[in-house]
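[1] need a 3D model of the sequence below.
(one chain, ligands or ions: 1)
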Amino acid sequence: MSTPEFATGAPAPPLLARTREVTDPGDLLSLLPGAGAVMSWVRRGEGIVGWGEALRIETSGPGRMTEADEAWRRTVARMEIDDEVQLPGTGAVAFGSFSFAPYSASGGALIVPEVVVGRRDGRAWVTHIGAGSPGKNSPGADFAGTNYAATVVEHDRPVIVPGIPAPAAPATPGQISYSPGALTPQAWQDAVAEVVTRIRGGEAEKVVLARDVLARAADEIDARHLLARLAQGYRWCWTFAVDGLLGATPELLVRRTGLTATSRVLAGTIQRSAVARQDAHLGAELRASEKDLGEHALAVDSLLEGLRPHCESVELPPEPRVLELPNVLHLATDVVASLRTDVPAPSALALASALHPTAAVGGTPTGRSTEILAEVEQMDRGRYAGPVGWIGADGDGEWGIALRSGMLTSDPHLIRLFAGCGIVADSEPTAELAESEAKLEPMRWALGQG
Ligand SMILES: C=C(O[C@H]1C=CC=C(C(=O)O)[C@@H]1O)C(=O)O
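    Take a look at the predicted model:
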């Protein structure tokens, strides 16, 4: 399978994207073939999965998202799009993920898969993307190399599209052993204490401090096993996979649908107790916690600051609500905004670029807090806590914040897991370590056998 790459300044090869409605293909994630890169943006059974690489756009540096956005626009302008379904996620689609830090060696990538399968509001579709040579432009075009067998509904008559048999079920990774990443748990607690001292000294108001943990598996790690588990256990999160980064995030940086932008801001956390019925009081406790409300307000403010210049109106509830996940409860605010009509609307990716990093993953003020976390964490976060999601040909798309995630490495037995916690003046190192453990739980669970 070829993986064309091009510098963002170079002309993109012309591509043809063809979308057809199909009968329901069942669980989207179980369609992912074993070999090669897999892509996912799935929540509660809906969304898109993709595989193969028709095109890859790689960028780096502070302009990594805006450059990718421009390269995508140029690519789309030269594409031929034959889309009979016309829903968000149909037609030409690129999955993407971008580093948290501007100068991270991880940079960012937009990947156009060869095959995308999606489901939304009870309708399902398959998109094939390939070289748009003249012979492939006819309605009955043959997409060589297609590896998805689908029943396409054309003129109300099912037509079988040739393909290879359904993929075999992914293998479990076997026994897992964990070891500290950049900092041991004790060293990370010391780092939390240092950040608290710096915050009390007036250097910043809030700093989100992250840690990494290495998970080594006895057998090779199959991303599809992790994705299936995450989607099963964390249905209300977005189960994502792009370029080796995968996870189940509860936080939506921005979704653009036409002139509407929506966002789900999370900050302020309480761990759930092992016994669900002992949880009843936790939501009220979280909603009354001055520390958590303060952390949350800063995250909302940072989002609004980035969003307002692009909007005619912004709506949000006066108080955060409590979002219940299997491992933690979060304070959550859903924001809905109408984009300006007097200027061309920024794409979903351009909006993600304008909003990243919010104080849910960076801190307040943004500049100083991100300097502090870079000094104290002693690691490159890579793509963790950066924007992850997808963009369509019209600029609509969804970008989450890559939380509750792991990055596959060149060693097929090794994955690097991440979790971070908002640190404010009255944070307590032991409590923050426990909170980070709770945030690692989805990925630990996904690696498990159960
Ligand atoms: C940085 C993470 O979570 C953020 C999102 C929700 C709640 C958070 C908190 O309470 O600290 C964090 O701001 C993470 O999961 O790695």
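[2] tell me how the chain divides into domains.
    Using automatic domain parsing, the domain parsing of the chain gives 5-161, 176-447.
[3] nearest to the ligand, out of those domains?
    Nearest of the domains of the chain to the ligand, taken as C-beta to the nearest ligand atom: domain 176-447 at 3.4 Å. All C-beta atoms are positioned from the backbone trio N, CA, C, and that covers glycine.
[4] mind checking how far that closest one is from the chain centre?
    10 Å (C-alpha atoms, centre = their mean, to the nearest Å).
[5] stretch 40-51 too?
    Worked out by C-alpha atoms, centre = their mean, stretch 40-51 lies 11 Å from the chain centre.
[6] restricting to C-alpha, output that stretch in PDB.
    Below are the C-alpha coordinates for stretch 40-51, written out as PDB (Å, rounded to 0.1, in the frame of the first residue of the first chain):
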ATOM      1  CA  SER A  40     -11.500   6.000  14.100                       C
ATOM      2  CA  TRP A  41     -13.900   8.700  15.300                       C
ATOM      3  CA  VAL A  42     -16.800   6.800  16.900                       C
ATOM      4  CA  ARG A  43     -19.200   7.500  19.700                       C
ATOM      5  CA  ARG A  44     -22.200   5.400  20.700                       C
ATOM      6  CA  GLY A  45     -21.800   3.400  17.500                       C
ATOM      7  CA  GLU A  46     -21.900   6.400  15.200                       C
ATOM      8  CA  GLY A  47     -19.100   8.100  13.400                       C
ATOM      9  CA  ILE A  48     -16.500   7.100  10.900                       C
ATOM     10  CA  VAL A  49     -13.700   4.600  10.700                       C
ATOM     11  CA  GLY A  50     -11.000   4.500   8.000                       C
ATOM     12  CA  TRP A  51      -8.000   2.600   6.700                       C
END
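[7] can you list the residues that contact that stretch?
    27-29, 31-33, 36-39, 89, 93, 95, 111, 113-121, 147, 227, 231, 235-242, 246, 389-390, 398 (C-beta atoms under 8 Å, 6 or more residues apart in numbering).
[8] of these, buried ones?
    Buried residues within those, counting neighbours by 16 or more other C-beta atoms under 10 Å: 28-29, 31-33, 37-39, 89, 93, 95, 111, 113-119, 147, 227, 231, 237-242, 246, 389-390, 398.
[9] of those, which belong to helices?
    When the buried ones among the contacts of stretch 40-51 are checked against helices (DSSP state H), the matches are Leu227, Ala231.
[10] in a markdown table, list the domains of the chain along with distance to Ala169 and mean pLDDT.
    Listed next are the domains of the chain as a markdown table, based on distance: least, C-beta to C-beta, whole Å; pLDDT from 0 to 100:
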| stretch | distance to Ala169 | mean pLDDT |
| --- | --- | --- |
| domain 5-161 | 8 | 83 |
| domain 176-447 | 8 | 97 |
